[in-house]
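Trainee: quick one: sequence plus predicted model below, questions after.
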Amino acid sequence: MAEKPKSTFAHRIRTAKPQARKYELRDDVITGLTLRVYPSGVRTFALERMARGRRQYVRIGDADEMTVPEARREARRLIAGFNEPVQQGNHPRTPGHPMTVFAEEFLERHARHWKPRTLESNRYFIRNHILPAFGRMTVDAIADDDVRSWFASMANKPGSANRAMPVLSVMMRMAELWGYRPHNSNPCKRTRRYRTTPRERFLTAEEMARLNAVLTRDEFWCPSVVAIVRLLMLTGCRMGEIAALEWDWIKGGRIFLPDSKSGPRTVWLSSAARAVIDAIPRYGEECPFVFPGRPPTQPIDNIQYHWNRIRDEAGLPGLRLHDLRHSWASVAAMNGVGMVTIARLLGHALVETTERYVHLSDRSVADAADRVSGRIGAALAGSGAEQEGGRDHAGR
């Protein structure tokens with residue numbers, strides 16, 4: 001008996017890239033199960049079936065939130081519902097499921113989709129914002145008005161509200177998938193997030209000099225903290241990437257991070273950054289961490305106390321460690337580095353993310369305006385082409 005061909009659906013999903021127009025990939029196991037890939041990069045599972053003489057299309061879920069086996073299980077459930085409408089309809093298979101019980105199940109089953117820090121953050125929002133509002137309700141009883149009222153009650157803390165809402169939305173999508181809510185009943189769909197003012201800032205050259213003066217003074221008292229801050233300034237890395245750094249990841253002029261917020265990536269070291277690393281003494285051959293914690297079996301996990309003191313003494317109250325990453329990106333942009341290159345160096349998957357990091361000083365903007373206006377003025381005077389030609393010949 002010939003072997004059944006192996007499914008290629010999961011592989012095709014992993015390699016699917018956005019195109020100018022929406023397109024579909026069809027499952028080779030379940031007829032009608034498709035992945036829709038939109039130009040924006042959004043990817044959704046859907047089921048298309050002929051039922052009772054009509055073509056029915058049902059959105060199953062976000063491909064970044066569920067696996068192929070999960071999509072197939074939900075597709076089979078929906079197909080059974082099409083074939084047995086009187087028995088199933090669009091009602092939850094498990095009505096009256098308590099939200100408190102569901103929250104624990106959700107965290108247990110969905111944790112593999114998140115990195116440890118994201119899981120910790122989402123636990124916080126579920127415990128402190130979602131369960132206090134919905135903990136006494138059943139999963140299928142949460143309605144649009146309940147979500148809108150809850151969201152409005154957090155108007156005085158819009159940042160927390162905006163971060164808690166996506167967590168609740170994912171919970172409701174998974175509740176549909178697991179049969180605790182009717183399909184396509186997510187009550188978070190029509191609630192818009194609050195507009196907030198970005199907190200990003202960057203250091204000027206004078207502020208960097210003040211910060212460096214305090215770091216130089218404190219090198220004897222807290223050498224690890226000083227080295228971490230300097231590497232953050234010189235590489236644009238995230239705090240977690242530098243704090244958890246291991247010696248084996250450093251090879252020549254590069255750091256090969258096996259995992260980061262956007263997956264494995266390479267950090268290119270300047271000579272200044274390499275000099276900081278070369279000056280760090282190794283704790284011991286058996287300790288893999290560049291910055292060991294206490295005990296040294298774990299990396300250092302918190303430098304906030306020393307950082308608060310250092311930034312305040314440098315006259316930079318409120319400066320966050322993450323602002324050093326913004327400063328690195330802004331200096332790169334002001335020195336002519338392209339946005340795509342900056343995105344790659346920072347480990348951003350999307351250039352749009354990088355654009356939020358980049359700030360240009362007034363001096364840089366004024367210089368750019370002078371250059372553009374000067375070039376246009378020369379063209380209006382009829383001398384632009386001659387000047388460009390003269391420069392081209394002189395530079396050859």
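Mentor: Arrived safely, thanks for sending. Numbers count the residues shown, from 1 in each chain.
Trainee: test my guess that residue 316 contacts residue 211.
Mentor: Yes: using CB atoms under 8 Å, residue 316 is in contact with residue 211, at 6.4 Å. C-beta: built from backbone N, CA, C; applies to glycine.
Trainee: give me the more crowded residue out of the two.
Mentor: Comparing residue 316 with residue 211 by other CB atoms under 10 Å, the one with more neighbours is residue 211, at 23 against 17.
Trainee: gap between the closest residue in space to the more buried one that isn't next to it in sequence and residue 233?
Mentor: What sits nearest to residue 211 in space, not counting adjacent residues and going by CB to CB, 6 or more residues apart in numbering, is residue 314, at 4.5 Å. Computed as CB to CB, to the nearest Å, the residue 314 to residue 233 distance reads 12 Å.
Trainee: and for residue 159?
Mentor: For residue 159, the distance to residue 233 equals 26 Å [CB to CB].
Trainee: looks to me like residue 57 is in a strand.
Mentor: Yes: assigned with DSSP: H, G, I helix; E, B strand; the rest coil, residue 57 falls within a strand.
Trainee: OK, contacts around it?
Mentor: By CB atoms under 8 Å, 6 or more residues apart in numbering, residue 57 lies in contact with 46, 47, 48.
Trainee: what about the strands in the stretch 1-150 of the chain?
Mentor: Counting by DSSP state E, counting those that start in this stretch, one finds strands in the stretch 1-150 of the chain at the ranges 23-26, 33-37, 43-51, 54-62.
Trainee: so which of these is the most surrounded?
Mentor: Greatest average neighbour count among the strands of the stretch 1-150 of the chain goes to strand 33-37 (a mean of 21), per mean count of other CB atoms under 10 Å.
Trainee: tell me the mean pLDDT over that one?
Mentor: The average pLDDT within strand 33-37 is 91.
Trainee: intersection of neighbour lists for residue 314 and residue 233?
Mentor: Shared contacts of residue 314 and residue 233 (CB under 8 Å, 6+ apart): residue 211.
Trainee: just to revisit the earlier point, which one's more surrounded, residue 159 and residue 233?
Mentor: The neighbour count for residue 159 versus residue 233, taken as other CB under 10 Å, is higher for residue 233 (23 against 12).
Trainee: distance of the closest residue to the more buried one other than its chain neighbours relative to residue 14?
Mentor: Of all residues not flanking residue 233 in the chain, residue 324 sits nearest, at 5.0 Å (CB to CB, 6+ apart). For residue 324, the distance to residue 14 (CB to CB) stands at 34 Å.
Trainee: more neighbours, these two?
Mentor: Neighbours per residue, other CB under 10 Å: of residue 324 and residue 14, the larger number sits with residue 324, 24 against 8.
Trainee: list the contacts of that one.
Mentor: Counted by CB under 8 Å, 6+ apart, residue 324 has contacts 203, 229, 232, 233, 236.
Trainee: what helix or strand is it located in?
Mentor: Taking DSSP states H and E as the definition, residue 324 sits inside helix 322-334.
Trainee: relative to the whole chain's centre, how far out is that helix?
Mentor: Here the centre of helix 322-334 is set off from its chain's centre by 18 Å, with CA atoms, centre = their mean, to the nearest Å.
Trainee: do stretch 118-137 as well
Mentor: 20 Å.
Trainee: dump that stretch to CSV, keeping only the CA atoms.
Mentor: These are the backbone C-alpha positions of stretch 118-137, laid out as CSV (Å, rounded to 0.1, in the frame of the first residue of the first chain):
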residue,chain,number,x,y,z
THR,A,118,5.9,38.6,27.8
LEU,A,119,4.3,35.7,29.8
GLU,A,120,5.1,37.5,33.0
SER,A,121,3.7,40.8,31.7
ASN,A,122,0.5,39.1,30.5
ARG,A,123,0.0,37.3,33.8
TYR,A,124,0.2,40.7,35.5
PHE,A,125,-2.5,42.2,33.2
ILE,A,126,-4.8,39.2,33.6
ARG,A,127,-4.4,39.2,37.4
ASN,A,128,-4.6,42.9,38.0
HIS,A,129,-6.9,44.3,35.3
ILE,A,130,-8.9,41.5,33.5
LEU,A,131,-10.0,39.2,36.3
PRO,A,132,-11.0,42.0,38.7
ALA,A,133,-13.5,43.1,36.0
PHE,A,134,-14.6,39.8,34.5
GLY,A,135,-13.7,37.2,37.2
ARG,A,136,-17.2,36.7,38.4
MET,A,137,-18.6,36.2,34.8
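Trainee: which residues are contacting that stretch?
Mentor: Taking CB under 8 Å, 6+ apart as the rule, stretch 118-137 contacts 99-100, 103, 106-107, 111, 114, 142, 146, 150, 153-154, 160-161, 163-164, 167-168, 171.
Trainee: in it, what counts as buried?
Mentor: By 16 or more other CB atoms under 10 Å, the buried positions in stretch 118-137 come out as 122, 125, 126, 129, 130, 133, 134.
Trainee: if I look at the last one, how far off is residue 245?
Mentor: The span separating residue 134 from residue 245 equals 41 Å under the rule CB to CB.
Trainee: related to what we said a few turns ago, list the residues that contact both of residue 316 and residue 211?
Mentor: Applying CB under 8 Å, 6+ apart, one finds that residue 316 and residue 211 are jointly contacted by residue 203.
Trainee: please consider this matter closed, and thank you.
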